[in-house]
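A.B. asks: please find the sequence and the predicted model below.
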Amino acid sequence: MAKTTIDNHLRKAKQLADQGESKYSKAQEIDEEFEVRKKSAEGCEDAFHSLVEFSESILKQHGVKTESHEERKQKLRDIGRKDLARLYGEAKDSLHTACYYEQQTKPYQKDIIETIKREIEKET
């Protein structure tokens, strides 16, 4: 085999090895990005479920039982907690649906989580 053919193969081998390494690294970065999204999604879901538990504690103080998110939201309104009903609806849409199920993270979700924490703190 001629030297130029060998050199071409070596050059091609190096080029493919570099491309392979680059693509592999990018795939690893993407996987890490998705892991971050997954953790954000789980955090949003935990925060939403803290509001579910908080709402249940408020409703139970009024002798009210619920079985669904919509029923819980309506019963909060019925007992005069329209503020919590609105927060519940916003958290369900932004934290539970958008962040957890659709993996969409938005800066305002942090505000919702902080509002949930403040509401819980008021009662404890």
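C.D. replies: Perfect, thanks for sending it. Numbers count the residues shown, from 1 in each chain.
A.B. asks: the closest residue to Phe54 other than its chain neighbours - how many residues pack around it?
C.D. replies: Excluding the flanking residues, the one nearest Phe54 by Cβ to Cβ, 6 or more residues apart in numbering is Ile120, at 5.2 Å. Just so you know, the C-beta spots here come from the backbone N, C-alpha and C atoms, and that holds for glycine as well. By the measure other Cβ atoms under 10 Å, the count of residues near Ile120 is 14.
A.B. asks: same check, this time on Leu51
C.D. replies: Residues lying near Leu51 (other Cβ under 10 Å) number 25.
A.B. asks: and it, what pLDDT?
C.D. replies: Note on Leu51: pLDDT of 96.
A.B. asks: helix or strand: which one has it?
C.D. replies: Assessed by DSSP states H and E, Leu51 sits inside helix 3-61.
A.B. asks: just Thr115 next, same as before
C.D. replies: Using DSSP H and E, Thr115 falls within helix 108-123.
A.B. asks: what residue lies at the spatial centre of the protein?
C.D. replies: Ala41 (1.8 Å; Cα atoms, centre = their mean).
A.B. asks: what's the closest non-adjacent residue to that residue?
C.D. replies: Per Cβ to Cβ, 6+ apart, closest to Ala41 is Tyr100, 4.8 Å.
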